[in-house]
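Q: Show me how the following folds:
(chains A and B)
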Amino acid sequence: MADPTELQPLQEDGQAPALARSLPPFRVRVGRSLWNAFREMPWPTRVCASWLVLIVTAAIFADWIPGLQDPNYQGFLFGKGKTLDPPSMEHWLGTDNVSRDILARVVHGARTSLIFAGGVLLCGLVFGGLLGSAAGFLRGRFEAVVMFYVDVSLAFPALVFFLFAITMLNRRGLGIMTVAVSLLTIAPFTRIARANSLSVSNREFVTAARAIGTSRPRILVREIIPNVYPTLVAYSLVVAAVLILLEATLSFLGIGVPIPRASWGGDINMGRRDIAINVWPMIPPIFALVMTILSVNVVSDWLRGNAASRSSAL
Amino acid sequence: MRLVATLLFVTFVTFMATSLLPGDPVNALIPIEAQQDREFVEQLREEWGFNDPLPVRYGRWLGDAVRGDLGNSYVTGRPIIDEITPRLPVTGELMVVTVLLGILIGVPLGLLSGYREGSRADKAVSAFAQIGLSIPNFVLGLMLIYVFAIRLRWLPATGWTRISDSVTGNLKTVAMPAIALAVAEVAVYLRVLRSDIIITLKENYILSARAKGLTDRFILFRHALRPSSLTLTTLIGLNIAGLITGTIVVEQLFAIPGLGRRLFSAVFQRDYMMVQGLTVLLAAAYVIINATVDFVYMAIDPRIRRRA
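A: Presented below is the predicted three-dimensional model:
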């Protein structure tokens, strides 16, 4: 499931994809209600939520964690460290095949992963959300053009498109990767936004706004968009898991973030070369990667199941 | 109609991107010494049609592509179609085995956990599905290589034996990559089947079958499985299209000479024609499979046919 375009079932009748329909409006609860939500979770979900908080915090503050080493410092070049060192007080998770601190690399790998996933999601939410909302509300030629773009970008398998893009652009890096994948990820967001926008446009309050002579742009901004976004935010958690997986896959294949930048997938690939001698350096990045994807999946499943029982209050 | 429009546009985008590349395509096709001779290069440009307007070139290229001529590889100089044909059955076999494994394992597990909803077995199966969905196929592949190739030495870590050379050899090389791909498929299939079975078992006709005194096993297989497998059928179809991405990764990891690996080597060699050809081919396959799935879905589910 490394393909963000796989996420939405094909439906030609203008209906929201099954997932979008099953998602009730999602309200962001802050402060105490967040803590209450945490207390309501069964313990496996609680572990997963804690892991996500940990990994996001670590990724944001990676540069300021006291005692965390430079992820690219190769001690053995200066006679100060060993390669493939087992865990010790100095290197809590040991060192990799060029004597870099594995803990530092895992933490900075989290940052790479989150920058990528966050960037793509932001593009999807902003561009996909706006395009889709406008398409569903304005209809006509604009909608036809937008939906054609959606159809075309859904026609490319993500990895094939990505390989094509990096060959033609002849450049690598986190930025180009985020842009290339965003181009594809905007499509499913647009699709969901349009489907929601279509149904919102038929609600009474939109008719009422029209009746009192509100201008179309104003209806779009004040009535449609605020009602389209909650579903998109809930959907973006599902996409986040796919994006983290995609970044790891691309870096593992050597076409993602260029070395020496820390990335879970890239580090797993580095460890792969020594698989017959010492598997240890692969294990921390594998654990972090699998645990993060698992956590995102579990937490988003819980939110969906839980939000369903609350939506009756709406 | 929509399908044709999408296909046309996909090929157009791919063609344009390749054509707008900086650098003279003629230079890629002739020896360096010959490139010095400006007049000769210009003559070749004219002769090979590079001076024609873009739409004309696109039309010509598309016409050739439809007839199976995707041009020649910049690196090997051989026709692209000749390089692709022997690789198709390799990727095809990998996909078929993966889907078969997914069905053979996923359907019984889905039936079991849907039938015994809430039981310990159901919870175990659901946990397995959740974890199976969270392990990337390349990580799973690495684990399999470590256990079965390095520790136990039962299977070769990489490579491919053609089925025409040796059936057991072929099975040995297809086993690990197929399992690495199939675990996620199993997880997806069983989840979908489970939730459909749970809904179906609450239907009235199941109750009446029970009242008639039919055994649970008979009800499950004869009355519940058929109506519950509609979503599953579409999903399998959609996933076959999605597997294109998966095979690229796994072929690279296990050094399997399929389409994905050729695409990869072409990317690293900057073999633009090869990348273009394979992209068009894979994207077209993806679009066509997806469209076929929609069609099949309409054919097997009378409710949808009526709505349309």
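Q: Find the centremost residue of the chain, please.
A: No chain in the question, so chain A it is. Geometric centre of chain A, nearest residue: residue A:240, 2.3 Å, by CA atoms, centre = their mean.
Q: look at chain B instead
A: Note: chain B centre (CA atoms, centre = their mean) maps to residue B:244, 2.5 Å.
Q: what's the spacing between the nearest residue to it once chain neighbours are set aside and residue B:100?
A: Nearest residue to residue B:244 in three dimensions, chain neighbours excluded: residue A:157, at 4.8 Å (CB to CB, 6 or more residues apart in numbering or on different chains). C-betas here are computed from N, CA, C, even on glycine. Separation of residue A:157 from residue B:100 (CB to CB, to the nearest Å) stands at 21 Å.
Q: what about the two, which has more around it?
A: Per other CB atoms under 10 Å in any protein chain shown, whichever of residue A:157 and residue B:100 has more neighbours is residue A:157, with 27 against 13.
Q: My read is that the residue nearest to the centre of chain A contacts residue A:117, right?
A: Yes: counting by CB atoms under 8 Å, residue A:240 does reach residue A:117; the two are 5.2 Å apart.
Q: the strands in chain A, which residues?
A: Assigned strands in chain A: none (criterion: DSSP state E).
Q: Where does it get nearest to chain B, residue-wise?
A: At 3.8 Å from chain B, residue A:294 is the closest residue in chain A, using CB to the nearest CB.
Q: dump the residue contacts of that residue.
A: By CB atoms under 8 Å, 6 or more residues apart in numbering or on different chains, the residues touching residue A:294 are A:48, B:130-131, B:134.
Q: Per-residue confidence at it, what does it come out as?
A: Looking at residue A:294, its pLDDT is 94.
Q: separation between it and residue A:51?
A: Taking CB to CB, one finds residue A:294 at 8 Å from residue A:51.
Q: circling back: shouldn't the residue nearest to the centre of chain B be in contact with residue A:160?
A: Yes: with contact defined as CB under 8 Å, residue B:244 counts as touching residue A:160 (6.8 Å).
Q: quick one, what contacts whichever residue of the stretch 1-150 of chain B sits closest to chain A?
A: Proximity of the stretch 1-150 of chain B to chain A (CB to the nearest CB) peaks at residue B:134, 3.8 Å away. The contact partners of residue B:134, taken as CB under 8 Å, 6+ apart, are A:241, A:290, A:293-294, A:297.
Q: Please pick out the residue of chain B most distant from its centre.
A: Here chain B reaches farthest from its C-alpha mean at residue B:39, the gap being 46.3 Å by CA atoms, centre = their mean.
Q: Residue numbers of the stretch 101-250 of chain A in contact with chain B?
A: Within the stretch 101-250 of chain A, the positions near chain B by CB under 8 Å from any CB of the partner chain are A:148, A:151-152, A:155-161, A:163-164, A:166-168, A:170, A:241, A:245, A:248-249.
Q: now do 6 Å
A: A:151-152, A:155-157, A:159-160, A:163-164, A:167-168, A:245, A:248-249 (CB under 6 Å from any CB of the partner chain).
Q: Tell me the spacing between residue B:192 and residue B:214.
A: For residue B:192, the distance to residue B:214 - CB to CB - is 25 Å.
Q: Now do residue A:275, the pLDDT please.
A: Residue A:275 carries a pLDDT score of 85 in this model.
Q: circling back: shared neighbours, residue B:244 and residue A:160?
A: residue B:282 (CB atoms under 6 Å, 6 or more residues apart in numbering or on different chains).
Q: ok, back up a step: between residue B:192 and residue B:214, which one's more packed in?
A: residue B:192 (20 against 15).
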